[in-house]
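K.L.:
need the 3D shape of this:
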Amino acid sequence: MSAIALRYDLKRHGHAPVAVAVPGGVTQRLRLPDAEAKARLVGAVLSTRCAADEELELFGEPVKGLPRAERARLHDRIGVLTQAMGLISNLNAWENISLPAAYHGTHPIARIAQTARDALQSLGTEPGVFLARLPDEMDPFERKLVAFLRLLAKEPALALIDGLGEGLNREQSARAARFEAEYRARQPEGTLVFVDLAEEEPR
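P.N.:
Here you go, the predicted structure:
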């Protein structure tokens, strides 16, 4: 797959413009010049919307002016792991993964459960114990892992991960680095984008 899966342009007064183009089917690491640019890119992809000073294309389609139903169709093909993560504190890990999937109704729950179990086992985590835990009982990596499993549940053609190593220690960052292989094993033709700040050291 060689067509552009993600194209984003941001023109800002007083700041250098941002231009991103990611071919389909690749794994690409983007280093944005500042926190505002990173937040704007992630927010645009997450919402499949762009402001007047932005341009966003997903799978070759400009999102500006698209009807709601067409934006929803594109949104269904995208998975985004943000720093906020949005876990609900009184729901356990499995509920945080399965309820959004059940609400959107994109894939059978049995398939989502199998994906979660397989990925956890591959990452060296016992599924039965982990999936029953609440977010407050988890360390930063484990909360990020729940958000990643929720992303996998969508089976996205385009996956964007914001600040993979942020808030993690060296050991946790090494474990999180294995997310790439887990995504790629399930979506060999998918597009995986890691977004970080330019001044951060490579992991």
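K.L.:
alpha carbons only for contacts and neighbour counts from here, please
P.N.:
Noted.
K.L.:
tell me the secondary structure for residue 19?
P.N.:
strand (DSSP: H, G, I helix; E, B strand; the rest coil).
K.L.:
residues contacting the residue most central in space within the chain?
P.N.:
Centroid check for the chain by Cα atoms, centre = their mean gives residue 80 as the closest residue, at 2.5 Å. For residue 80, the contacting residues are 42, 45-46, 151, 159-162, by Cα atoms under 8 Å, 6 or more residues apart in numbering.
K.L.:
out of those, which is nearest to residue 140?
P.N.:
residue 162 (14.3 Å; Cα to Cα).
K.L.:
how far away is that closest one from residue 110?
P.N.:
28 Å (Cα to Cα, to the nearest Å).
K.L.:
which one of these two is surrounded by more residues?
P.N.:
residue 162 (23 against 10; other Cα atoms under 10 Å).
K.L.:
ok, the more buried one touching residue 85?
P.N.:
No: counting by Cα atoms under 8 Å, residue 162 does not reach residue 85; the two are 9.9 Å apart.
K.L.:
how confident was the prediction at residue 74?
P.N.:
pLDDT for residue 74: 95.
K.L.:
ok, the one 4 residues further on next?
P.N.:
According to the model's per-residue confidence, residue 78 sits at a pLDDT of 96.
K.L.:
which strand residues bridge it?
P.N.:
Counting by DSSP bridges, residue 78 is bridged to residue 158.
K.L.:
contacting residues around it?
P.N.:
Counting by Cα under 8 Å, 6+ apart, residue 78 has contacts 46, 154, 156-160.
K.L.:
can you pull out the helices in this structure?
P.N.:
Using DSSP state H, the helices found in the chain span residues 35-47, 68-75, 93-104, 109-122, 127-131, 140-153, 170-176, 179-186.
K.L.:
distance of the nearest residue to residue 35 once chain neighbours are set aside from residue 189?
P.N.:
Distances taken as Cα to Cα, 6 or more residues apart in numbering place residue 197 nearest to residue 35, at 6.9 Å, with adjacent residues excluded. Remark: distance between residue 197 and residue 189 (Cα to Cα) = 26 Å.
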